[in-house]
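Undergrad: Sequence and predicted structure below; questions after.
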Amino acid sequence: MTSSLTPFQQCQLARHADRPHCLEYIRGLFTDWVEIHGDRGFADDPAIVVGFAKLDGETVGVVGHQKGRDTRERLYRNFGQPRPEGYRKALRMMRLAEKFGRPIISLVDTQGASPGIDAEERGQAEAIAHNLREMAGLKVPIVVVVTGEGGSGGALGIGVGDRILMLEHAIYSVISPEGCAAILWKDQTAVQQAASALRLTAPDLLQLGVIDSIVPEPLGGAHMDPSLAIRTVGGAVRKALVELRRLKRDELPRRRFAKFRAMGRFLER
């Protein structure tokens, strides 16, 4: 039973190679998909996919991490680890969505932002921070879905939303269990302990107020029945959009800002 999985086993399930990826969600949920390429500053980053599509006849902006299936595509997509131009491309689409009053749907699935020297030289941290600030102020509904891995700033760069949904067996954390074990214990055998301490599973994050709801997966995980998983995500996204459409444009940034400012509060007894 998947409900009896340990946190580290949940990590392995979230990373399963056959889980649906961003482009499969796009093909399964939307019509009239038009992809946008390039950040108009340096290059196009294949690790992030952005564009416009129709959901039930309504045009929406879509952004997501794309990991790749085979070795060639994974190398081309940099294993879903975006570089600065990827975050700037995403922001380019989101600003267009705001200009035309279109909701934004963000599909998060990355182990983290690209750690390469080239990304650092081109302003990786600045690009992520800029997206956090700009997304907080956008006056259109933003629905974020963590579909697999939600890895630290790499996920947050497209993860500021009015509703944060998370698949049942996805993970979302400031660092991977492997990275945490290496830093705190200097021992990779401590990954089980690290995964438990990080509270990175969907139930943990719902309890902590980091996410708003959990999207159920097919028995055994989303990879067991990708079509059903995609349809279930579509239903959750539609429900969130119905709720958000009731809010005034000027009210969205205020609520979003308050939502994220409230995270991390705790009471010591």
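TA: Thanks, I have the structure now.
Undergrad: Tell me where the stretch 51-200 of the chain has helices.
TA: 71-76, 84-99, 117-121, 124-137, 152-156, 177-184, 191-198 (DSSP state H, counting those that start in this stretch).
Undergrad: Can you lay out these as CSV showing mean neighbour count?
TA: In short, each C-beta sits where N, CA and C put it, glycine included. Shown next, in CSV, are the helices of the stretch 51-200 of the chain (neighbours: other CB atoms under 10 Å):
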stretch, mean neighbour count
helix 71-76, 12
helix 84-99, 22
helix 117-121, 12
helix 124-137, 17
helix 152-156, 23
helix 177-184, 17
helix 191-198, 19
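Undergrad: so where's the protein shaky on pLDDT?
TA: 1-3 (pLDDT under 70).
Undergrad: residues contacting the nearest residue to Leu23 once chain neighbours are set aside?
TA: Nearest residue to Leu23, sequence neighbours excluded (CB to CB, 6 or more residues apart in numbering): Gln66, at 5.9 Å. By CB atoms under 8 Å, 6 or more residues apart in numbering, Gln66 lies in contact with His21, Cys22, Leu23, Pro46, Ala47, Ile48, Val49, Arg77, Gly80.
Undergrad: picking that back up, closest one to Glu268 among the helices of the stretch 51-200 of the chain?
TA: helix 191-198 (18.4 Å; CB to CB).
Undergrad: by how many degrees do that closest one and helix 177-184 diverge?
TA: Inter-element angle recorded for helix 191-198 and helix 177-184: 90 degrees (by axes from the mean of the first three to the mean of the last three CA atoms, to 10 degrees).
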